[in-house]
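Visitor: Sharing a model prediction with you, sequence too.
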Amino acid sequence: MICILDRVNTLLNEDLFANISLLKMIDTYGEGINFRLSEQDSVWALLLILPTSRSSFDSSLYPDTEAVVYMSCSHPQHLNEVLKELPNNKKYIFKVQKPEYASILGNFFRLQRKRGFNSYTTNEHFLYSYDHDVVEEASFNGRLKPLWAENGHDLEEINYYFNKGARSFTMYQANAVISTCLIFPNYKHIWELGAVYTLETMRGKGYARRVVTSALSRLLEMNLIPRYQVVDTNRASIKLAESIELKRFMVLEHLINL
């Protein structure tokens, strides 16, 4: 297993941004993942298969599926070599980062799109400045828990982030929390910016923009690469990303077989 893990990591690191979700999956679940790897000379294709029950996120969203499947390759047509080994009598949630992968996948399964996640990173031509009204904290602040909970993050997850070096960026008004976000390690020098939440009564006033740009400024100061991921139905978060000229580098589609 160690040997194949090393080989898979080497292949995926050739295109770090495109394969960031796969690398994070390996980093999180390690030997709990099943691999299907086909290599012929310099051409390769790979499936990563994780039982849905191992992931609380996927178990919640896709309780009727048996496995989460990611894929990558040096050439899309070579995916045929590994997909033909995948039993077609099981229910999967496929997470696909390139349209051509979905096209090949459609030759083996009848698919339904469930959702997509847009991934953004910073634009080198845009200045992200730190707002000194934003409070940065490197330890867990229990006052922020209700906002993070509204965004779907539980206490165990938040504690895990802070144990890995997370920082929060928060705005207060009259000592009350009004907007916050988190940064935390994703993979190597790529860090996630997430858990963005503003009280409903305070939305539309630019507070989320201020905490997010402050977090981005700090990440760049630390020579880290930010990733900001948002579900593609969240128009407010997409509008925020576009307003600060973040550039989209990937859409990770979630496809279920029928």
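Guide: Structure's in. What do you need? Predicted model, so just to flag it, every value in this text is computed and none were measured.

Visitor: Show me the helices in the stretch 51-200 of the chain, by range?
Guide: Assigned by DSSP state H, counting those that start in this stretch, the helices in the stretch 51-200 of the chain fall at 56-61, 79-83, 99-105, 145-150, 155-163.

Visitor: so which of the ones you listed gets nearest residue 115?
Guide: Residue 115 lies closest, by C-beta to C-beta, to one member of the helices of the stretch 51-200 of the chain: helix 56-61, at 8.2 Å. Placement of C-beta: from N, CA and C, glycine included.

Visitor: Could you list the residues in contact with that closest one?
Guide: With C-beta atoms under 8 Å, 6 or more residues apart in numbering as the test, helix 56-61 has contacts from 52-53, 65, 68, 93, 114, 254.

Visitor: Provide a list of residue ranges in the protein with pLDDT below threshold.
Guide: 1-2 (pLDDT under 70).

Visitor: 80 instead, please
Guide: Applying pLDDT under 80 to the chain flags residues 1-2, 152.

Visitor: Looking at the record's assignment, how would you partition it?
Guide: 2-109, 135-250 (automatic domain parsing).

Visitor: In JSON lines: those domains, plus distance to residue 125.
Guide: Compiled in JSON lines, the domains of the chain are given as follows (distance: least, C-beta to C-beta, whole Å):
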{"stretch": "domain 2-109", "distance to residue 125": "18"}
{"stretch": "domain 135-250", "distance to residue 125": "7"}
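
Visitor: now those as CSV including distance to residue 124 and mean neighbour count?
Guide: Shown next, in CSV, are the domains of the chain (distance: least, C-beta to C-beta, whole Å; neighbours: other C-beta atoms under 10 Å):
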stretch, distance to residue 124, mean neighbour count
domain 2-109, 14, 16
domain 135-250, 9, 17
